[in-house]
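Student: need a 3D model of the sequence below.
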Amino acid sequence: MVCDPDIAYQLLATNTFRTVQRLKLQFRPFFRRNIATFFKLGSVEFPVLKSLKILDFHSRDFINDGLSMAHQFVPLFQAVSSTIEFFAAYCITVDLIPCCPKLKKFELLGFDGQLSEFSYAKFPSLLSISIYSPTGRSRYLEKNFEPHTGVTEIRVRLLGRLMSKEEQIAEEYLHIFWNNLSRQFPNTKSIIILDTEPFNHATFRGVQQAFPHLVHLSIMSNCKCDFTLISGMNMELVNEYLEAGLPFDSIPRRDSIFNFRELESLTLDADVKITNDIITHCLARIPKLKTVKFYWDASLSAQNIRDFLNHVINITIVIYDFYRICKDQLALLKTLSNVHLHESHL
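Tutor: Here you go, the predicted structure:
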């Protein structure tokens, strides 16, 4: 990674990039006056480049003026289009990218284009796209769009930390965005939801209606998610029904994780508080669940995981420092063949 344009200028003069496989350009505000140095990259040969990132420390400002600067990068895109496999940018529109036959993963922040621009003809090897902070225009598809059948994974940050409150996408339009994502990428099996606000029952409804056969779901939201939000049920009502001997499936529930009947893999980040109730009344009742990842909570019982998730083939539990967990709990978890423990330090 090169941040200083003066150093970059010296490197460009030596033309020492013939073996470079990964290139990351990161701009700082006080280097803007010398940013033209980076535009010289278009005249440099990168015969084996596979990964290209164009980032900015103050991405919000870069989105505002970056689109006008993005045209300066076109020669670089053309130079690496035949070899590039991964591309991430905070300032580029899809129409500036030439045909990239080997591109597999595409990440865009501040996406301001049509979903139909991710065409199969232009990106025939594309498997995964990441769309961060999409604007209103990206919610719609052109009439004569051509679906990309190769994409199987979509990462979405619907609003993102950089979006102001005035720019929030109205909830009533989100279902249109999800629906058009499914029309453009009909073979999607994996959805990763990043930093969505608000994350609520409508989120589950919108995603499930658009992708009814979803196999993998990741909830990487900064919003707190509890039992009621994940399960769509109130715990007091659950207890009342079960104590009355009524079947679990008769308990009224809102849209929730149960909407996904084909789900096999689930990843929940640290802001999803995993409790024994979620283990017992939620995760244990997802019929096809094979893989799950979540963060350990002090209220959890290793016995519950053993007794109610024994049908799950692969359970990954992230624990903040092993010394914080009861020794007996830790010892039991280590005996479970389907449980894999990862220690994470704050």
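Student: what helix or strand is I317 located in?
Tutor: Using DSSP states H and E, I317 falls within strand 314-320.
Student: which neighbouring elements make contact with that strand?
Tutor: Packing contacts for strand 314-320, counted by 3 or more Cβ pairs under 8 Å, 6 or more residues apart in numbering; DSSP states H and E, involve strand 291-295, strand 339-344. Where you see a C-beta, it was placed from the backbone N, CA and C, and this is true even at glycine.
Student: and the nearest residue to F118 once chain neighbours are set aside, what does it touch?
Tutor: With Cβ to Cβ, 6 or more residues apart in numbering as the criterion, F118 has its nearest non-adjacent residue at 5.5 Å, and that residue is H148. Residues near H148 by Cβ atoms under 8 Å, 6 or more residues apart in numbering: 118-120, 123, 126, 184-185.
Student: what do you get if the cut-off is 6 Å, keeping everything else the same?
Tutor: Contacts for H148 (Cβ atoms under 6 Å, 6 or more residues apart in numbering) come out as 118, 120, 185.
Student: coming back round to it: looking at the helices and strands packed on strand 314-320, which is buried most?
Tutor: Using mean count of other Cβ atoms under 10 Å, the stretch among those with the largest mean neighbour count is strand 291-295, at a mean of 20.
Student: what helices and strands are in contact with that strand?
Tutor: strand 265-268, strand 314-320 (3 or more Cβ pairs under 6 Å, 6 or more residues apart in numbering; DSSP states H and E).
Student: for these, give me a markdown table that also has mean pLDDT, distance to V207 and mean neighbour count.
Tutor: Listed next are the helices and strands packed on strand 291-295 as a markdown table, based on pLDDT from 0 to 100; distance: least, Cβ to Cβ, whole Å; neighbours: other Cβ atoms under 10 Å:
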| stretch | mean pLDDT | distance to V207 | mean neighbour count |
| --- | --- | --- | --- |
| strand 265-268 | 95 | 13 | 20 |
| strand 314-320 | 94 | 22 | 17 |
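Student: nearest to F111, out of those?
Tutor: strand 265-268 (23.0 Å; Cβ to Cβ).
Student: what's the closest one packed up against?
Tutor: Judged by 3+ Cβ pairs under 6 Å, 6+ apart, strand 265-268 is in contact with strand 216-220, strand 291-295.
Student: list of residues touching it?
Tutor: Outside strand 265-268, the residues that touch it by Cβ under 6 Å, 6+ apart are 216-219, 291-294.
Student: tell me which of those residues has the lowest pLDDT.
Tutor: Of all the contacts of strand 265-268, I219 carries the smallest pLDDT score, 89.
Student: and that one, what is it in contact with?
Tutor: Going by Cβ under 6 Å, 6+ apart, I219 touches 193, 268, 272.
Student: could you redo the last one with a cut-off of 7 Å?
Tutor: 193, 225, 268-269, 272 (Cβ atoms under 7 Å, 6 or more residues apart in numbering).
Student: where does pLDDT dip in the stretch 101-250 of the chain?
Tutor: Along the stretch 101-250 of the chain, the model assigns pLDDT under 70 to residues 133-140, 158-172, 195-199, 222-223.
Student: what about 80?
Tutor: 109-113, 133-144, 158-175, 195-200, 221-224 (pLDDT under 80).
Student: mind jotting down where the helices sit in it?
Tutor: Under the criterion DSSP state H, counting those that start in this stretch, helices of the stretch 101-250 of the chain are mapped to 171-184, 201-210, 227-231, 235-243.
Student: for the third one, packing partners?
Tutor: The one in question is helix 227-231. Here helix 227-231 touches helix 276-281, going by 3 or more Cβ pairs under 7 Å, 6 or more residues apart in numbering; DSSP states H and E.
Student: quick check: mean pLDDT across the helix it packs on?
Tutor: The pLDDT scores in helix 276-281 average 96.
Student: what's it packed up against?
Tutor: Against helix 276-281 (3+ Cβ pairs under 7 Å, 6+ apart) you get helix 227-231, helix 302-308.
Student: and if we set it to 10 Å?
Tutor: Other helices and strands packing on helix 276-281, by 3 or more Cβ pairs under 10 Å, 6 or more residues apart in numbering; DSSP states H and E, are helix 227-231, helix 235-243, strand 291-295, helix 302-308.
Student: check contacts around D328.
Tutor: D328 is in contact with 302-303, counting by Cβ atoms under 10 Å, 6 or more residues apart in numbering.
Student: got phi/psi on it?
Tutor: phi -70, psi -40 (degrees, to the nearest 10).
Student: cool, T275 as well?
Tutor: Dihedral pair for T275: phi -120, psi 170, per degrees, to the nearest 10.
Student: who are the contact partners of it?
Tutor: By Cβ under 10 Å, 6+ apart, the contact list for T275 reads 226-227, 230, 235, 281-282, 297, 299-301, 304.
Student: against C326, how distant is the closest residue to S299 other than its chain neighbours?
Tutor: Leaving out its chain neighbours, the residue that sits closest to S299 by Cβ to Cβ, 6+ apart is T275, at 5.7 Å. Note on T275: its distance to C326, by Cβ to Cβ, to the nearest Å, is 16 Å.
Student: of all the helices and strands packed on helix 276-281, which one is nearest I154?
Tutor: strand 291-295 (18.6 Å).
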